[in-house]
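>>> Fold the following.
(one chain, ligands or ions: 1)
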Amino acid sequence: MADAITVTELVVRRGKATVLDGLTCRIAAGRITGLLGPSGAGKTTLIRAVVGVQVVRAGTVTVLGRPAGTPALRDKIGYVSQSPSIYLDLTVAENTNYFAAVAGVDRSAARAAIEQVGLAEAAGQLAGNLSGGQQSRASLACAIVGDPPVLVLDEPTVGLDPVLREELWDFFAQRARDGVSVLVSSHVMDEANRCDTLLLMRAGELLADETPAAIKQRAGTDDMDRAFLNLIRAGAAR
Ligand SMILES: Nc1ncnc2c1ncn2[C@@H]1O[C@H](COP(=O)(O)OP(=O)(O)OP(=O)(O)O)[C@@H](O)[C@H]1O
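Residues are numbered from 1 along each chain as shown. The predicted model follows:
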């Protein structure tokens, strides 16, 4: 299977700490890859390197065969950061229209994105007046305008109720079936079960790069929470 993202011997320092120390992994095209691990493991740092906003000390990151951060990738990656990255003084529709203009697509794509995240009724509202969950969805709408072939989502379902979370995961699965490559970080284990592949990180290292079923089998349990705890504790004890 082709890789959408290739990370080779990646070294990143943040402040005085080496957060990633020679990380190597591959993210398959047209699949949902989950990025999991304890707080501080380096998930956001890896995501930032993939979208090209992280200074890297050594190693390489390529997306769709090009170095991460190259201008040619700008309209190929939809990125949702941990905090909503929308203009609070614009309406939802104005925000998505702006992203449509940047992506070079017309406003019908912006309207479609708003509908896909279930925000049609709030399209005319100022983003600053939305609830936290609505702001997250508005951010996601901006990221998916123009159907980029790669989606990079940093904890996109935080603060969402279970129904919305389910809908968004159905949406990610649909996107993957359409050939989109989805890299998504999460702390929620039932979300981990919906990924095709899981990258489990701890302290900047990759502890596992396997299917959810393989991870559970290796950890000797059917419960994903328990499987992760087992693997993380085994990793810590190494
Ligand atoms: N701006 C920064 N300056 C210095 N160190 C940082 C900075 N941002 C993050 N770090 C450190 O980098 C390490 C990895 O952080 P990162 O945000 O990548 O972890 P994470 O796995 O995404 O955590 P979480 O699940 O809590 O979001 C942490 O030890 C953190 O303290």
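>>> what pLDDT does the closest residue to Asp75 other than its chain neighbours get?
Beyond its immediate neighbours in the sequence, the residue positioned closest to Asp75 (CB to CB, 6 or more residues apart in numbering) is Ala103, lying 4.8 Å away. Every C-beta, even on glycine, is put in place using the N, C-alpha and C of the backbone. On pLDDT, Ala103 comes in at 86.
>>> Counting neighbours, what do you get for Ala103?
Per other CB atoms under 10 Å, the neighbour tally for Ala103 reads 20.
>>> Quick check: the gap between the residue most central in space within the chain and the ligand.
For the chain, the residue sitting closest to the mean C-alpha position, by CA atoms, centre = their mean, is Leu153 at 2.2 Å. Taking CB to the nearest ligand atom, to the nearest Å as the measure, Leu153 and the ligand are separated by 13 Å.
>>> ok, now Thr197?
Using CB to the nearest ligand atom, one gets 18 Å for the distance from Thr197 to the ligand.
>>> Likewise for Arg137?
When CB to the nearest ligand atom is the yardstick, Arg137 and the ligand sit 20 Å from each other.
>>> Run through the residues that contact the residue lying closest to that residue once chain neighbours are set aside.
With CB to CB, 6+ apart as the measure, Val117 is the residue that lies nearest to Arg137, at 4.2 Å, once sequence neighbours are left out. Residues near Val117 by CB atoms under 8 Å, 6 or more residues apart in numbering: Arg137, Ala138, Leu140, Ala141, Ile144, Leu168, Phe171.
>>> So which of those residues sit within helices?
Counting by DSSP state H, the contacts of Val117 place Arg137, Ala138, Leu140, Ala141, Ile144, Leu168, Phe171 in helices.
>>> filter the residues you listed to the buried ones?
Under a neighbour-count criterion of 16 or more other CB atoms under 10 Å, the subset of the ones in helices among the contacts of Val117 counted as buried comprises Arg137, Ala138, Leu140, Ala141, Ile144, Leu168, Phe171.
>>> who in the chain is up against the ligand?
Arg14, Gly15, Ala17, Val19, Gly37, Ser39, Gly40, Ala41, Gly42, Lys43, Thr44, Thr45 (CB under 6 Å from any ligand atom).
>>> between these, which is nearest Leu126?
Thr44 (27.8 Å; CB to CB).
>>> ok so, going back, secondary structure element for the residue nearest to the centre of the chain?
Using DSSP states H and E, Leu153 sits within strand 150-154.
>>> For that strand, name the packing helices and strands.
Contact analysis of strand 150-154 by 3 or more CB pairs under 8 Å, 6 or more residues apart in numbering; DSSP states H and E lists helix 43-51, strand 77-80, helix 132-144, helix 162-177, strand 181-185 as its packing neighbours.
>>> pLDDT (mean, whole number) over the fourth one?
Spelled out, that is helix 162-177. 91.
>>> Any regions of this structure where pLDDT drops low?
When the per-residue scores of the chain are filtered using pLDDT under 70, the ranges that remain are 1, 236-238.
>>> As a check, name the ranges of all strands in the protein.
Residue ranges of the strands in the chain, as given by DSSP state E, are 3-14, 17-28, 32-36, 58-63, 66-67, 77-80, 150-154, 181-185, 197-202, 205-210.
>>> Can you list the strands that the second one pairs with?
In other words, strand 17-28. Partner strands for strand 17-28, per DSSP bridges, with pairing direction: strand 3-14 (antiparallel).
>>> Can I get the partner strand as PDB, trimmed to CA atoms?
Taking Å, rounded to 0.1, in the frame of the first residue of the first chain, the C-alpha atoms of strand 3-14 are listed here in PDB:
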ATOM      1  CA  ASP A   3       2.300   5.800   2.000                       C
ATOM      2  CA  ALA A   4       0.600   9.200   2.400                       C
ATOM      3  CA  ILE A   5       3.100  10.300   5.000                       C
ATOM      4  CA  THR A   6       6.600   9.000   5.700                       C
ATOM      5  CA  VAL A   7       8.500  10.000   8.800                       C
ATOM      6  CA  THR A   8      12.200   9.000   8.900                       C
ATOM      7  CA  GLU A   9      14.500   9.400  11.900                       C
ATOM      8  CA  LEU A  10      12.700  12.500  13.000                       C
ATOM      9  CA  VAL A  11      14.300  14.500  15.800                       C
ATOM     10  CA  VAL A  12      12.500  17.400  17.400                       C
ATOM     11  CA  ARG A  13      13.600  19.500  20.300                       C
ATOM     12  CA  ARG A  14      11.200  21.700  22.100                       C
END
